[in-house]
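Novice: just coords:
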């Protein structure tokens, strides 16, 4: 079970969290202006890399806050977590 | 003295506490401190089981948890019988009933041993090559026979009478293994007050020192040093000591799972104790002091009962005071076995040593035992063992130059110890995903780069000398403080790796076992490599080596070495298999713990649950909730009860517990804007005090949830959701609020459990509550359908909704949960004069279906749009955006021919269709027939006097009046397409 | 290829089994192939076999980063069934089941397809509706699937606890008698041996590092750790690693890769006669020929390539198993492991073209790929041979995520596979 660094509460066990998938996928300000291809990219396409991955977490059974975290999907090691709206740290930055 | 082979002195057994157990119906005696294995050996019993495939007679190979052969069924009382217990781990205690496994009719005479005769055919992977003809025979003939022959013991057939516990723990340092390195590590780590857990799988701490009666540490006997160390640790409050506790799994982020065995060794266990307890430890750092495993030697018939690991002989003699034989031959390729020889000799047993190594390659160990008078044959190979159900001797031969095998001679023996060197126990390290490194000097994989906050110590990292182990333990436990090295008796270490012993026999015929339990021989490995299985994983899977219940603890290195040898590669080039949890098998019960029966999934109940139960309700599970399904009276069937309840609501008044509906308060200056974005509806113009039915979509455009929303104030909405969707909806709202629209000033609060909700429905509903309500004008003009008022009922504050999911005049009375039952009872009491009838979810379903109201999850299934269910008109056209809007414009969502909600009335009005039944337009088409859709809801409608159904049908709204055909359990039924409303089509009754 | 049979087996018994050949060669890659398949799991090897056997395309290489059959093929719980809801899925999986039924003979390799029956349990009113919907749909599709009462379910699977007092009592079940299990490794090995015999090169320990494209943008070669290999068409069949490989062709896929865990018990004598799946309480169980109870757990919630998930996932699976089969409480977990499953948004596979001409993909099988192995390989071989989908995989395009024509079995049934 992962130990997840909530930027508000500190490290907590995974059971308290819900994973929200890839982070930084922007929802268009005006979706009606987006074509079907781009909309399906937004809805469904994911980086899914083996390596560093920015993903969304919700501390559902804790502070209820959503935040982002960088995790290495090859080792499951968390590199960093940061609050919603904060810029993604540089790739590989620690 | 208990047992013919019990030594007169010594051992850690308690001779003051005799115990007796039963083995295959025979009563045997031993002492407290015995394992079942040592007790059997003390009684001269070596034959304890039959092997998996060939049903060969097998004995006890080891003295610990790496045992592959001695697996017994153990009966500890009613509901407490289980198979495949390692005799070398199970502690002997009074009342144990043990039995050997995998034989018929008896251990001594086993018909299955025919497989051994057929072994030339039953080689690795033979089943892939045959049993293919005739085709139908696989299921009916071959497989049942293969299955009957396979398997070890028998599964329990009744419920488990034991309980299991579960504990979570945090510590600064977890030390796994309490041998010399682990004890030293725990001592060092705990000095500064850090929280330490020390866990060991054995009944006592001490590890290898438990059978070391000759070494000294720091000038004192090694066992005394261990005892002092344990006493010191016990005295420290910051140390938790766990014996009989196996760390079996090393997971992410230093999450280590351990199984503690608590009562199996107790004859009269107190009732309050669980049998086993799962420890889930989150450790700051982990020290793995898990020791090492001895390797067997691979030679013909090396599996005969009486042949065991050399160190195990030492353990049985020293720790259990048992003579595993009177005439022992020790075959070895390394030094450590000489200590076993010396100790057995010291116990008065006849010992001969056969060493594969050239005399010149041996160390001082040879002189050490020769001076005691032990015969040592260096530069000798073992050709084969003799004997069948018990070893009778070893055929040995001198090795000449260039590996020439000289003349055979037979050494008589009733017990053989073998030692092919040592393998560090790197299982947990490997589970932690640390990278293994091959160390040529000790011919073994050792821990390399750590990936988690972890360090191995002692023999687990290939450090076999006692003083080294202790020093390494100190360093692991406290790397910052230099401690003086404790002097200790030098251990006899070093061995020459030998994969298979040289023989003068036809190597293609020799049956030398590598994996004892799974009956994998050296030539099986050769066959696999010959057939192109080159990787470790392939060979493992093709031959099944390493896949038995011991997970290859004794066999892996020999198998790898053989593979490397055959392929002419260096061993590390072959690689190693990945070690998987658990380290040793763990009972399901331990992993389940208390999560069974009611605690399997805790039920959610409403404040009115008790009342419903007292009034005979049947319940259904909806998500985690228990909901009253219907209220049968007397001997009523569900059908009769529902018909009665429906009639009562339509004609009088019914009362329904709607407390499980999800409730969320959406509050803040931007609440209406937030609602606009989340729901398909428009909210801006909804006046405070008004209600609206809301529909929300997922971003993919499909219906997610629905429910009535009341606007309590400009900035406050009381949202209701489906019962099962409450958590999902809140999560969905929070997600958008926090991540997409953080600028909106809105707060979301779940109030599901703050309110009990009593639905009062039917023409007489108003009359029933009128005298109970204060501060609210209940008249139709002042309080019309789809509005909300706040006031009091029975003196309790209420949010009173005038809404209806039944099509009747109705109210949903929200009161604080604590008052829910009292208010319910007051209404019920008042309603008796009006024939008030409690009804359940089934009646609710029928009533809403009569009116054509959908249920999300029944009419919809995650692939349905608002237009599909005829609710497209609810979409606020003026809104530029809401969640899911864009997806509704995708090509296949706007295409013609989508499934649409319609009503179906069967030609036979008494026929109630099956929900889920499929719909076609021509019943005479041959299979496969493309279905047009399916029945989503179907009921007997008392109000309509006939059956009714809702269905999703391709192009359904264009098919009004058409006759379609619906599957029935054995045929089709004709039904006519109608609008999806069957009663009060204009919806007038709610305004009564 | 030396045929396997009882006769050859006995003959070899007298020859100390010295005469068996390699089951497949270990060839060096040629400079060019007509078709390169990336990934030597069951699906990729089956594709190669059907390319060679059905389409006469034998100049084929299957390249594999590790060892053939070392991914999900050898890590699953081997459940085979075809009682899916939608015509598209049912058609594809039924195609596979029909191939399973003759696979041992077709490959001359005993894959031990055991039609023990797959029983899916209903625990609530919604399940009952959903399963009846499946049963009726399957009837129209010509696929066997029958509804059982709790008592009938108990008769079919005697260890099952049908007490009404269970937290989630069994309300019935849907039984597909032709469903069952097979020996997973044998499927990979059998296809490998048969494909190799038809001339297919299986190149192990060869990692794809990139794709080379010609002036028109079409793929013309695969760059690997063992050099560049030309190909007219390339099919990526890499399961959990599909996103990683296709990223090297600049493609971003509607896929997420999750850990999926499973475990086995210690082996015991026959005690469990069929396969039982319970989606409501998340339990999947059968007994292997060896006697182990084979138990499937769920996926972890996050993307990971570590092949290791959290302990709470198998714990939850065992909670459910011991609820339905309390007598197994004293059995022991022998081994647990994880695979990496690539999951699409609608939980149905993608089989067909990518945006890069000449580059095809077969992925997204999620937790249910093993059962489809022969059918998947068969239709993908057709796609690679002709450049166009077989009618059975035509609906499983990548484009459906754009148009909205999803094939969402999970949403329709609240079912994981």
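Specialist: Looks like it came in fine. Since the structure is predicted, the reported quantities are computational estimates derived from the model, not experimental observations.
Novice: could you measure from the most centrally placed residue in chain A over to residue C:50?
Specialist: Nearest residue to the geometric centre of chain A (Cα atoms, centre = their mean): residue A:55, 1.8 Å. Distance of residue A:55 to residue C:50, given as Cβ to Cβ, to the nearest Å: 38 Å. Glycine gets a C-beta too; all of them are placed from N, C-alpha and C.
Novice: return the distance of the residue nearest the centre of chain C relative to chain B.
Specialist: For chain C, the residue nearest the mean C-alpha position is residue C:370 (1.5 Å; Cα atoms, centre = their mean). Plainly put, residue C:370 is 15 Å away from chain B if you go by Cβ to the nearest Cβ, to the nearest Å.
Novice: wait, what's in contact with that residue?
Specialist: C:42, C:72, C:73, C:76, C:77, C:78, C:79, C:80, C:182, C:184, C:187 (Cβ atoms under 8 Å, 6 or more residues apart in numbering or on different chains).
Novice: where does chain A come near chain C, residue by residue?
Specialist: Within chain A, the residues that sit near chain C (Cβ under 8 Å from any Cβ of the partner chain) are A:1-2, A:14-15, A:18-19, A:21, A:36-37, A:39-41, A:43-50, A:53, A:55, A:71, A:73-76.
Novice: mind listing which of those residues are in strands?
Specialist: A:18, A:19, A:21, A:53, A:55, A:71 (DSSP state E).
Novice: which intervals of chain B have sub-threshold pLDDT?
Specialist: B:1-2 (pLDDT under 70).
Novice: ditto for chain A
Specialist: For chain A (pLDDT under 70), the answer is A:90-94.
Novice: count of neighbours near residue 20?
Specialist: Assuming you mean chain A. 19 (other Cβ atoms under 10 Å in any protein chain shown).
Novice: nope, chain B please
Specialist: 15.
Novice: before we move on, back to that, now do the contacts for the residue nearest to the centre of chain A.
Specialist: A:19, A:20, A:21, A:22, A:23, A:68, A:69, A:70, A:71, C:302, C:303.
Novice: can I assume the third one is in contact with residue C:256?
Specialist: Right, the one you point to is residue A:21. Yes. At 6.8 Å, residue A:21 counts as touching residue C:256 under the criterion of Cβ atoms under 8 Å.
Novice: overlap in contacts, these two.
Specialist: Contact with both residue A:21 and residue C:256 is made by residues A:46, C:303, according to Cβ under 8 Å, 6+ apart.
Novice: for residue 62, helix, strand, or coil?
Specialist: Using chain A. coil (DSSP: H, G, I helix; E, B strand; the rest coil).
Novice: right idea, wrong chain: chain B
Specialist: coil.
Novice: looking at residue A:21 and residue C:256, which is more packed in?
Specialist: More crowded of residue A:21 and residue C:256, by other Cβ under 10 Å: residue C:256, with 25 against 15.
Novice: and the more buried one, what are its bridge partners?
Specialist: Judged by DSSP bridges, the bridge partners of residue C:256 are residue C:343.
Novice: that one: what's it in contact with?
Specialist: Going by Cβ under 8 Å, 6+ apart, the list of residues near residue C:256 reads A:21, A:46, A:48, C:303, C:342, C:343.
Novice: let me see the contact set for the fifth one.
Specialist: Put plainly, it is residue C:342. Contacts of residue C:342 (Cβ under 8 Å, 6+ apart): A:48, C:239-243, C:255-257, C:363-366.
Novice: same question, the third one
Specialist: The contact partners of residue A:48, by Cβ under 8 Å, 6+ apart, come to A:22, C:243, C:244, C:253, C:255, C:256, C:257, C:303, C:342.
Novice: ok, now which ones touch the first one?
Specialist: If I follow you right, that is residue A:22. Here residue A:22 is in contact with A:46, A:47, A:48, A:53, A:54, A:55, A:56 (Cβ under 8 Å, 6+ apart).
Novice: mind doing that once more with 6 Å?
Specialist: Counting by Cβ atoms under 6 Å, 6 or more residues apart in numbering or on different chains, residue A:22 touches A:46, A:47, A:55.
Novice: go on, the third one?
Specialist: Under the criterion of Cβ under 6 Å, 6+ apart, the neighbours of residue C:244 are residue A:50.
Novice: let's see it at 8 Å
Specialist: A:48, A:49, A:50, C:238, C:305.
Novice: likewise for the fifth one?
Specialist: Listed by Cβ under 8 Å, 6+ apart, the contact set of residue C:255 reads A:46, A:48, C:242, C:243, C:342, C:343, C:344, C:363, C:364.
Novice: ditto for the fourth one
Specialist: Each residue near residue C:253 by Cβ under 8 Å, 6+ apart is listed here: A:45, A:46, A:48, C:242, C:243, C:246, C:350, C:361, C:363, C:398.
Novice: skipping adjacent residues, who's closest to the first one in space?
Specialist: Same thing as residue A:45. Spatially, and ignoring its direct neighbours in sequence, residue A:45 is nearest to residue C:252 (4.6 Å; Cβ to Cβ, 6 or more residues apart in numbering or on different chains).
Novice: test my guess that the one you found contacts residue A:42.
Specialist: No. When contacts are counted by Cβ under 8 Å, residue C:252 is not listed as touching residue A:42 (11.3 Å).
Novice: thinking again about what came up before, quick one: which of the contacts of residue A:48 is nearest chain B?
Specialist: Proximity of the contacts of residue A:48 to chain B was ranked by Cβ to the nearest Cβ; the top entry is residue A:22 with 12.1 Å.
Novice: what about that closest one, distance to residue C:233?
Specialist: In terms of Cβ to Cβ, residue A:22 sits 30 Å off from residue C:233.
Novice: repeat for residue B:643
Specialist: Distance of residue B:643 to residue C:233, given as Cβ to Cβ: 64 Å.
Novice: likewise residue B:458?
Specialist: 56 Å.
Novice: okay, these two: which has more neighbours?
Specialist: residue B:458 (34 against 22).
Novice: ok, now which ones touch that one?
Specialist: For residue B:458, the contact set (Cβ under 8 Å, 6+ apart) comprises B:177, B:179, B:180, B:181, B:182, B:289, B:291, B:468, B:469, B:472, B:473.
Novice: may I have the phi/psi pair for it?
Specialist: Main-chain torsions, residue B:458, degrees, to the nearest 10: phi 70, psi -140.
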